[in-house]
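Student: Give the three-dimensional model of this entry:
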Amino acid sequence: MKTNASHHFPLLELARFCAAFSVVIYHVKHFYLTGVSGVTSSQLAYQSLAFSNVFGPLYTYGFLAVPVFWAISGFIIAYKYQGSCKSVSLRTFIFLRLSRLYPLVFLSLIVTACVQYIYYAETGSFFLNKVNDLDQFIAHILLISGWSTAWRESFNHPVWSVSVEVISYLIFYLWIRFVRNDLIGLFQLLGLAILARVLFGANSIVLCLILFFCGSIIYNFHCILASRLRAAAGMASCIVASLGFAWLSVSEGRANTLGVIAIGCGVVGACVFLESDLMRRFQPYVTALGNLTYSSYLIHFPLQIMMSIAVFWSFGGTEPLASQTSVLIYIVVTFLLAHVSFTYFERPMQAVVRWRLLGVYPTIA
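Tutor: Next up is the predicted model:
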């Protein structure tokens, strides 16, 4: 598979940012579920959340951002590595991926652990996650927190989806390197993932594998489809995503595997096949937004704890966090910190890791 390394996908970058923004908004509910509030998720009425008239759909369906992320990752990893897998060793592939992911995982874990225990010292309970013990800490350090439900809801818990995605990276690389590196090979991988779903039932690892391999397949179709057919493929993708949303609406927001897969694949397919020259004019701007996705995803939870501590110190309780002003501050500061993180931490750390371990000059990928 020949890769066009100079090609950009502005709509896909925009979709990444929208997915990250959806997660940040979806987790506004954490301010209402603090350990000192006594409110449980089942008791929380989303209509009572700040800006519910604007963000109402994201409060209900924001969880769909994660499967969209997984499908986008499958597309991007195929775009980056499928054409060069023979020249990239397993060691190099692992270091390339970890140099992008792990520095912020580690930093956000340390920060979250510190602020959680400050919050506990002040309030007598942890913020949201009730268990933050050594076992969970080690699972986060090893980037396996999403592999077990016993580890997931602890420390900086959004990392769970990243840890699951790492499994997809490894399986994808090994398959295209040593088994079969073409569209048929990817359909074989997808078939095995679906078989795992049938045999072992629904779980996040299997769902990630299915969406990741679907994203890789979409990349391959993007490479082989003639330009005149891409518009039709884009419209078909829109229909698939719409059917997925309709299905979830009927199920009153409860996640179901087929609907989630349809949405993830449909969004990625629509963004890829419906790209236009007009959108490419905005490439620098959407790339800048896309660069905020990973950092905002990992930063927003420890920021919530910091805000809760500050409010508790100032007001003796966490009720002011439910105000519209607090939510606006949370959103703005999250993405400002994401920019700072990407510019002054993630990119420099990636450069150091790749240079020290691989002797290569880095690019963000």
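Student: from here on, contacts and neighbour counts on C-alpha atoms
Tutor: OK.
Student: count of residues packed around the closest residue in space to Phe126 that isn't next to it in sequence?
Tutor: Nearest in space to Phe126, with sequence neighbours left out and distances taken as C-alpha to C-alpha, 6 or more residues apart in numbering, is Tyr120 at 5.0 Å. The number of residues packed near Tyr120 is 16, by other C-alpha atoms under 10 Å.
Student: so Tyr120 touches Leu128, yeah?
Tutor: No - using C-alpha atoms under 8 Å as the test, Tyr120 is too far from Leu128 to be in contact (10.8 Å).
Student: Can you list the buried residues in stretch 300-314?
Tutor: Neighbour-count burial for stretch 300-314 flags 300-309, 311-312 (criterion: 16 or more other C-alpha atoms under 10 Å).
Student: So what's the gap between it and the chain middle?
Tutor: Centroid separation for stretch 300-314 versus its chain: 23 Å, with C-alpha atoms, centre = their mean, to the nearest Å.
Student: try stretch 48-64
Tutor: On C-alpha atoms, centre = their mean, the centre of stretch 48-64 falls 18 Å from that of its chain.
Student: Can you point out the buried residues in that stretch?
Tutor: Going by 16+ other C-alpha under 10 Å, stretch 48-64 has these buried residues: 49-50, 55-56, 58-59, 61-64.
Student: Would you check which pair of those lies furthest apart?
Tutor: Within the buried residues of stretch 48-64, Ala50 and Leu64 form the most distant pair, 20.4 Å apart (C-alpha to C-alpha).
Student: List every C-alpha atom in stretch 275-287, with coordinates, as CSV.
Tutor: Extracted in CSV, the C-alpha atoms of stretch 275-287 (Å, rounded to 0.1, in the frame of the first residue of the first chain):
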residue,chain,number,x,y,z
GLU,A,275,-12.9,16.4,2.0
SER,A,276,-12.6,19.3,-0.4
ASP,A,277,-10.1,21.8,-1.7
LEU,A,278,-12.1,24.5,0.3
MET,A,279,-11.4,22.7,3.6
ARG,A,280,-7.7,22.3,2.8
ARG,A,281,-7.4,26.1,2.8
PHE,A,282,-8.2,26.0,6.5
GLN,A,283,-5.6,23.2,7.1
PRO,A,284,-3.3,25.2,9.4
TYR,A,285,-6.2,26.2,11.6
VAL,A,286,-7.8,22.7,11.9
THR,A,287,-4.4,21.2,12.5
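Student: neighbouring contacts of that stretch?
Tutor: Contacts to stretch 275-287, defined as C-alpha atoms under 8 Å, 6 or more residues apart in numbering, come from residues 8-11, 13-14.
Student: returning to that earlier point: the buried residues of stretch 300-314 in helices, which ones?
Tutor: 300-309, 311-312 (DSSP state H).
Student: any idea which element the closest residue to Ile263 other than its chain neighbours lies in?
Tutor: Nearest residue to Ile263 in three dimensions, chain neighbours excluded: Ala241, at 4.3 Å (C-alpha to C-alpha, 6+ apart). Element membership of Ala241, judged by DSSP states H and E, is helix 227-250.
Student: same thing with Leu96?
Tutor: helix 90-123.
Student: from what I can see Asn181 touches Tyr173, true?
Tutor: No - using C-alpha under 8 Å, Asn181 is not in contact with Tyr173; the gap is 9.4 Å.
Student: returning to that earlier point: make a markdown table from the ones in helices among the buried residues of stretch 300-314 and add pLDDT and distance to Phe212 to it.
Tutor: Compiled in a markdown table, these are given as follows (pLDDT from 0 to 100; distance: C-alpha to C-alpha, whole Å):
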| residue | pLDDT | distance to Phe212 |
| --- | --- | --- |
| His300 | 96 | 24 |
| Phe301 | 96 | 25 |
| Pro302 | 96 | 27 |
| Leu303 | 96 | 29 |
| Gln304 | 94 | 30 |
| Ile305 | 94 | 31 |
| Met306 | 94 | 33 |
| Met307 | 92 | 34 |
| Ser308 | 90 | 35 |
| Ile309 | 91 | 38 |
| Val311 | 86 | 40 |
| Phe312 | 83 | 41 |
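Student: Make TSV from those residues and add distance to Glu165 to it.
Tutor: As requested, those are exported to TSV (distance: C-alpha to C-alpha, whole Å):
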residue	distance to Glu165
His300	20
Phe301	19
Pro302	21
Leu303	24
Gln304	24
Ile305	26
Met306	28
Met307	29
Ser308	30
Ile309	32
Val311	35
Phe312	36
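Student: quick check, nearest of the buried residues of stretch 48-64 to Val24?
Tutor: Val24 has its nearest neighbour among the buried residues of stretch 48-64 in Gly62, at 8.5 Å by C-alpha to C-alpha.
Student: give the contact list for the closest one.
Tutor: So Gly62 contacts 19, 22-23, 25-26 (C-alpha under 8 Å, 6+ apart).
Student: change it to 6 Å
Tutor: 22-23, 26 (C-alpha atoms under 6 Å, 6 or more residues apart in numbering).
Student: quick one: which of those is most hemmed in?
Tutor: Val23 (24 neighbours).
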